[in-house]
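Asker: A structural model of the following input is requested.
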Amino acid sequence: MQIAAQKTIRGTVKDSHSEEPVPFASVQFKGSNTGAVSDSAGRFAFSMPAWPSDTLVFTRVGFQTYNLKINNDSSEIIVTVPMERGTFNEGVVVQSKKIDRGLWLWKKVVEHKPENNRYKYENFSYELYNKLQVDLKNFNSLKRVSSIKPFRPINELIRKNIDTLDGVEILPTYLTESLSDYYYQKKPLKRREEIKAVNTNGVKNESMVKFLGGMDQVFNVYNNYINVFDKEFISPISDNGDFYYKYFVTDTQQIGDSRYFRLLFTPRRKGMNTFNGDCWIHAGTFGVYKMNLSLDKTADVNFMERFSFVQEFKRLSEGDWFVSREKMVVDVSPVGNKTPGVIGHKTSTYQKIVVNDSAVSRKLAENKEQEEIVVLPGASEKQKIFWDTARHEQLSRSEQGIIRMIDTLINTPTYQKITKQVVFLTTGYLDVGNVQLGSAFNWFSGNSWEGFRTRFDVASNKNFNKKFRWHTYLAYGFGDKKFKGQGELFYLPKRDPRKYWYLGYRNDLDFGQNYYGEISQDNIFSFAIRKPNIPRKFINLEQTQFEFFNELRSGFSTLASISNKSYTPLLNLVPAENFGEGLKRLTSTELSLRLRFAFQEKFIESQFFRTSLGSPYPVVEATITQGVSGILRSSYNYTKLLASVSDYIPTPPLGAISYQAYTGRTFGTVPYTFLDIAPGNELYYYNKYAFNMMNRYEFVQDRFVGLNYEHNIGNGIFRLVPKLKFRQFYTVKALWGQLSEANKTLNFAEGHTFQTLDGKTYLEVGTGVDNILRFFRVDFIWRLLPKSNISTKTEKFGIFGSIRVNL
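Answerer: Predicted structure coming up:
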């Protein structure tokens, strides 16, 4: 008797996006009674003489059905089955019962949150391994680019590393990993992270290295809200979760020695900041064993096609739960899912967990401030042999290929040339050897005083010196036929905490204060967006300034400065001779001290400059300035005081509030150039920091109180049309100001162009639409107060546009 040869098929069922195993999926041959269930790791296997049919059907509540065609000619088949998440109500039968099992289980999880949340411990520590991988997707169009002549040298390198996922070509592009020891103490609150090894593959910026650790990695499903790209999403086990989610218990399984419930959740309403997903709940402690969260492109997050997050927990020897592993996958497509995009993968594993131990307290006693991130010496110099033993999980073949590709790619001249070109096109700056040229956006502009204006900047870069920087520019107006310019020196002896010295000289038109992200008057784009019929005011400023900045680790900083300023009014402003016969300039020498406190403020730093990422607490500033006569042609004695407080406050589920409250006072009788001039805006480009319905130099004051307030409430009424991803907001800007009689007498000469509020309140309010096509914002602004017609030249309503990059 001849025994038929056995055929074998085995594989793993995985979530198509997160690539995590799908446990307990039903696997059945189509049209037959032959089937099985994948195990807790998503594995399945069949062995038999002949297949009952040529199709395997995979089903799981919460996932779309997947049909796998089988090749009958193969005797052994090994497959990975990608299952797409689908409609969670599909396959869920809710019978009429006195007890809703899903709601009952959710209530039990919420009830036991305090004992299952790791932050119940007095202290804890662990070793954290983080791995971040970035892939490019939809690579067909990029391959065509790489065939263009300048890109050909890297074409072959790219082709060797292309992979395919669900029919989409993927190019693994970048990988970084870090290993750190993390320490936490509840009372008094202290946190510390020591980064002992980091592999950044070409990135040498230490401020970026600090973000690769775990200090800012607080993704805790036991919190009521979970932050995803600066948006607060409601956790499925939030204390108020039943208002936002529907819950279903679809399964119970024995995993090891314990029994677990599978709890599915789906949003009750569209357009809310909620997740789809499921979790496994331990039947005895009601602690989370594994949580799967997902978002699709309808979520209120820009450029994101899909998002998956998995958080796993394990029981410590004491029987309590602690996070053991996390995985996040984000699919980003700036234009659309058919165009080139990016897929980011982040995996974190937690080992060597210690809780309620005196050793943790001793380590945290080394902190000089509440939170510290320390990059240990030699952390970025670890060799391959170290990583091979220190990693919590070994790199895959694809991940190893990324490291080899980066090592080769970043050293090619073509890559370096392309990088420079991209930076120039996006920022206007170009590095040539030891100097930096630009910004190109200031090369050409114009105004009614100077006519056509050109400006050329040149500065040293980090290749010249890593602590010292010089910068200068020369400008020329073809109308007034005058040269203008600036020269400045900057010395940065210490970066953390920051300390610098600055010396600068400038002789140019005063275009007002410039803020990051706002268009200045000295810019090529200002040609087309000026308000009509508003006389432009021109004043020249010649200034010499010296500054010393010193920062402490506590977040407290001081800025001391000495400056000499000479103003020459040119057009549509009170001339200097009004303040003294034969006077050509208004000159003052000032001594100033600014005190600033920003607790736990974080920054992204370049070689010389840094950009604040904000503080979780209010930022407080106070400045005192003393004008001194008799020094360097200074003619005035006065004292100026200024104080402000600002904050950014998340208000989930209704977006976030930002505000700045400020007040100031000038003691002394001085020309308007040394008083406070309320910031106006004469462009149709919205300025966050100015009064947009007020003209420049419209209101002068020597005492004032003001408030800027904005509440971005998210999609608001636009949640009814979620595909648009529009966002709603409203703004309030108020100013109360006065001017002393002595300063009125000095400044308000016949034919003057100034006004004062005289104790009245200036108020403008606005609303509008943000996130139009992901980049544009439109503001509708009404000037409501003062009711009396102070100015006949100012409109009461205006529409403003701006470009805002939002997540």
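Asker: switch to C-alpha atoms for all contacts and neighbour counts from now on
Answerer: OK.
Asker: for Trp387, give me phi and psi.
Answerer: The phi and psi values for Trp387, taken as degrees, to the nearest 10, are phi -60, psi -30.
Asker: residues near Asn550, how many?
Answerer: 15 (other Cα atoms under 10 Å).
Asker: hmm, it is touching Ser561, no?
Answerer: No: in this structure, Asn550 sits apart from Ser561 without contact. The criterion is Cα atoms under 8 Å, and the distance is 11.7 Å.
Asker: all strands of the stretch 401-550 of the chain, in order?
Answerer: Per DSSP state E, counting those that start in this stretch, the stretch 401-550 of the chain has strands spanning 430-432, 435-437, 444-447, 451-460, 468-477, 482-495, 498-509, 538-551. These are given in chain order.
Asker: show me the one of the ones you listed that comes nearest Asn806.
Answerer: Comparison of the strands of the stretch 401-550 of the chain against Asn806 by Cα to Cα identifies strand 430-432 as nearest, at 26.0 Å.
Asker: give me the sheet partners of that closest one and which way each runs.
Answerer: Partners of strand 430-432 in the sheet, by DSSP bridges, are strand 435-437 (antiparallel).
Asker: so which residues make contact with the partner strand?
Answerer: Contacts to strand 435-437, defined as Cα atoms under 8 Å, 6 or more residues apart in numbering, come from residues 429-431, 456-461, 463-464.
Asker: the residue nearest to Lys137 when sequence neighbours are not counted: neighbour count?
Answerer: For Lys137, ignoring the flanking residues on the chain, the nearest one in space by Cα to Cα, 6 or more residues apart in numbering is Ile170 at 4.5 Å. Residues lying near Ile170 (other Cα under 10 Å) number 22.
Asker: return whichever strand or helix holds Ile170 as PDB; C-alpha atoms alone will do.
Answerer: In this structure, Ile170 is located in strand 168-185 according to DSSP states H and E. Once side chains and other backbone atoms are set aside, the C-alpha atoms of strand 168-185 remain, and they are given as PDB (Å, rounded to 0.1, in the frame of the first residue of the first chain):
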ATOM      1  CA  VAL A 168       3.600  48.900  -2.800                       C
ATOM      2  CA  GLU A 169       7.300  49.400  -3.300                       C
ATOM      3  CA  ILE A 170       9.100  50.400  -0.100                       C
ATOM      4  CA  LEU A 171      12.700  51.700   0.300                       C
ATOM      5  CA  PRO A 172      14.000  51.400   3.800                       C
ATOM      6  CA  THR A 173      15.900  54.700   4.200                       C
ATOM      7  CA  TYR A 174      17.000  55.500   7.700                       C
ATOM      8  CA  LEU A 175      17.400  53.700  11.100                       C
ATOM      9  CA  THR A 176      18.400  55.000  14.500                       C
ATOM     10  CA  GLU A 177      18.500  53.200  17.800                       C
ATOM     11  CA  SER A 178      19.300  54.100  21.400                       C
ATOM     12  CA  LEU A 179      19.800  52.400  24.700                       C
ATOM     13  CA  SER A 180      19.200  54.200  28.000                       C
ATOM     14  CA  ASP A 181      18.500  53.800  31.700                       C
ATOM     15  CA  TYR A 182      15.300  55.600  32.800                       C
ATOM     16  CA  TYR A 183      14.400  56.600  36.400                       C
ATOM     17  CA  TYR A 184      11.200  57.900  37.800                       C
ATOM     18  CA  GLN A 185      10.100  59.100  41.300                       C
END
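Asker: how far does that strand sit from its chain's centre?
Answerer: Chain-centre distance of strand 168-185: 18 Å, with Cα atoms, centre = their mean, to the nearest Å.
Asker: next helix or strand past that strand?
Answerer: Next helix or strand after strand 168-185 toward the C-terminus (DSSP H and E): strand 190-199.
Asker: could I get the average pLDDT for that following strand?
Answerer: pLDDT averaged over strand 190-199 equals 91, rounded to a whole number.
Asker: tell me the strands beside it, with direction?
Answerer: Strand 190-199 has these partner strands in its sheet, going by DSSP bridges: strand 168-185 (antiparallel), strand 371-375 (parallel).
Asker: which residues touch that strand?
Answerer: Identification of contacts with strand 190-199 by Cα under 8 Å, 6+ apart yields 176-185, 209-210, 213-215, 364, 367, 370-382.
Asker: hmm, 6 Å instead?
Answerer: The list of residues contacting strand 190-199 from outside it, by Cα atoms under 6 Å, 6 or more residues apart in numbering, reads 176-184, 370-376, 379-380.
Asker: hmm, Gln543 is touching Lys565, no?
Answerer: Yes: in this structure, Gln543 sits in contact with Lys565. The criterion is Cα atoms under 6 Å, and the distance is 4.5 Å.
Asker: which one of the two has more residues nearby?
Answerer: In terms of neighbours (other Cα under 10 Å), Lys565 is the more surrounded of Gln543 and Lys565; the figures are 22 against 19.
Asker: and the more buried one, bridged to which residues?
Answerer: Going by DSSP bridges, Lys565 forms beta bridges with Gln543, Ser588.
Asker: report the rounded mean pLDDT for the strand holding Ile170.
Answerer: Mean pLDDT, computed over strand 168-185, is 85.
Asker: if you count neighbours, what's buried in that strand?
Answerer: For strand 168-185, the neighbour count (16 or more other Cα atoms under 10 Å) marks 169-185 as buried.
Asker: which one is Glu76 nearest to, not counting chain neighbours?
Answerer: In space, Glu76 comes closest to Thr8 once its chain neighbours are excluded; the distance is 4.8 Å by Cα to Cα, 6+ apart.
Asker: phi and psi next, for the one you found.
Answerer: According to degrees, to the nearest 10, Thr8 has phi -130, psi 140.
Asker: contacting residues for it?
Answerer: Residues counted as contacts of Thr8 (Cα under 6 Å, 6+ apart) are 46-47, 76.
Asker: go again using 7 Å as the cut-off
Answerer: Contacts for Thr8 were tallied using Cα atoms under 7 Å, 6 or more residues apart in numbering; they are 46-48, 75-77.
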